[in-house]
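Novice: sequence-free structure coming up:
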């Protein structure tokens with residue numbers, strides 16, 4: 001098992017149970033106890049859990065999003081395939097508002113050499129696009145969320161309200177036909193709604209696992225989305241429900 005996959009499995013196991021022992025986590029992951037101890041130290045440094053002798057307890061609340069640093073390497077191949085598909089849906093000359101999150105960061109990277117106007121909603125994406133020669137980069141105001149560096153607050157929402165976009169590329173924490181597109185953070189959800197309201201077309205990006213989740217904050221109904229780009233592991237049952245809501249679903 002790759003190191004990033006193992007870290008996420010440990011995080012999920014400890015958060016689900018509240019706490020877990022080293023021997024238990026070694027049996028779960030197939031790694032040695034020495035490797036598990038090193039992994040627990042890494043996760044403790046990221047503020048995800050707290051070590052105690054022989055194990056660890058979770059510092060993440062149920063329904064709370066794992067830290068950005070942990071998510072950046074998760075499912076990276078799928079995120080890059082999604083990003084490439086999204087880039088193919090965007091024509092040169094378009095104005096694009098690009099949401100925060102790790103999948104949208106991969107979208108930013110594939111748009112770097114395109115002739116576009118882009119408003120990124122995270123400082124991570126701003127940094128990825130800062131040296132782009134052909135691209136027009138517009139940076140909104142706002143307060144960066146710690147770790148995520150997602151721009152939030154009234155300044156961000158006012159910046160979005162003053163503009164009109166051809167396309168919004170929106171990330172999510174959960175997306176189902178029944179509950180719509182949802183986010184963990186209330187301020188993040190408000191910014192997503194503002195981006196959608198200012199856009200002619202909305203493309204949601206979501207790895208397959210998110211198509212079975214519903215997070216705390218409602219953003220918009222599935223029927224408000226023009227397209228969803230997900231990975232090939234998404235089940236037909238999940239994607240068919242979205243299609244029935246009038247959404248074009250692309251699996252890559």
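Specialist: Sure, I can see it. Owing to the predicted nature of the structure, the values given are computational and were not obtained by experimental measurement.

Novice: OK, contacts around the residue nearest in space to the middle of the chain?
Specialist: Note on the chain: the residue nearest the mean C-alpha position is residue 101, at 3.8 Å, using Cα atoms, centre = their mean. If a contact means Cβ atoms under 8 Å, 6 or more residues apart in numbering, then residue 101 has 122, 148, 150, 171 as its contacts. Quick note: C-beta positions are derived from backbone N, CA and C, even for glycine.

Novice: if we go to 7 Å?
Specialist: Contact analysis of residue 101 by Cβ atoms under 7 Å, 6 or more residues apart in numbering lists residue 171.

Novice: Now do it against residue 206, distance only.
Specialist: As judged by Cβ to Cβ, to the nearest Å, residue 101 and residue 206 stand 10 Å apart.

Novice: go on, residue 159?
Specialist: From residue 159 to residue 206 the distance is 25 Å (Cβ to Cβ).

Novice: More neighbours: these two, which one.
Specialist: Neighbour totals were compared for residue 159 and residue 206, and residue 206 leads with 24 against 21 (other Cβ atoms under 10 Å).

Novice: tell me the pLDDT at the more buried one?
Specialist: On pLDDT, residue 206 comes in at 96.

Novice: Give the next helix or strand downstream of the lowest-mean-pLDDT helix or strand in the chain.
Specialist: Here the helix or strand of the chain ranked lowest by mean pLDDT, DSSP states H and E is helix 68-71, holding a mean of 66. Downstream of helix 68-71, the first helix or strand assigned by DSSP states H and E is helix 76-89.

Novice: And the contacts of whichever helix or strand comes after that following helix?
Specialist: For helix 76-89, the following helix or strand on the C-terminal side (DSSP H and E) is strand 95-98. The contact list for strand 95-98 (Cβ under 7 Å, 6+ apart) reads 90, 104, 107-108, 116-121, 125, 160, 165-169, 195, 198-199.

Novice: just the buried members of the residues you listed?
Specialist: 90, 104, 107-108, 116-121, 125, 160, 165-169, 195, 198-199 (16 or more other Cβ atoms under 10 Å).

Novice: tell me the SS of residue 27?
Specialist: helix (DSSP: H, G, I helix; E, B strand; the rest coil).

Novice: Please, where are all the helices along the chain?
Specialist: 3-17, 22-29, 33-45, 68-71, 76-89, 102-111, 123-129, 154-161, 186-197, 236-244 (DSSP state H).

Novice: which of those is buried the deepest?
Specialist: helix 102-111 (a mean of 24; mean count of other Cβ atoms under 10 Å).

Novice: Go ahead and name everything in contact with it.
Specialist: With Cβ under 7 Å, 6+ apart, helix 102-111 has contacts from 68, 71-72, 79-80, 82-84, 86-87, 98, 118, 120, 124-125, 128-129, 135, 169, 171, 205, 207.

Novice: and the residue nearest to residue 199 when sequence neighbours are not counted, how far is that from residue 99?
Specialist: In space, and not counting its chain neighbours, residue 199 is closest to residue 168: 3.6 Å by Cβ to Cβ, 6 or more residues apart in numbering. Between residue 168 and residue 99 the computed distance is 7 Å (Cβ to Cβ).

Novice: For those two, list the residues in contact with both.
Specialist: In contact with both residue 168 and residue 99: residue 195, using Cβ under 7 Å, 6+ apart.

Novice: mind giving me the domain split of this structure?
Specialist: Listed by the TED database, the domain ranges of the chain are 1-60, 70-251.

Novice: Am I right that residue 118 is in contact with residue 137?
Specialist: Yes: here residue 118 lies in contact with residue 137, judged by Cβ atoms under 7 Å, at a distance of 6.0 Å.
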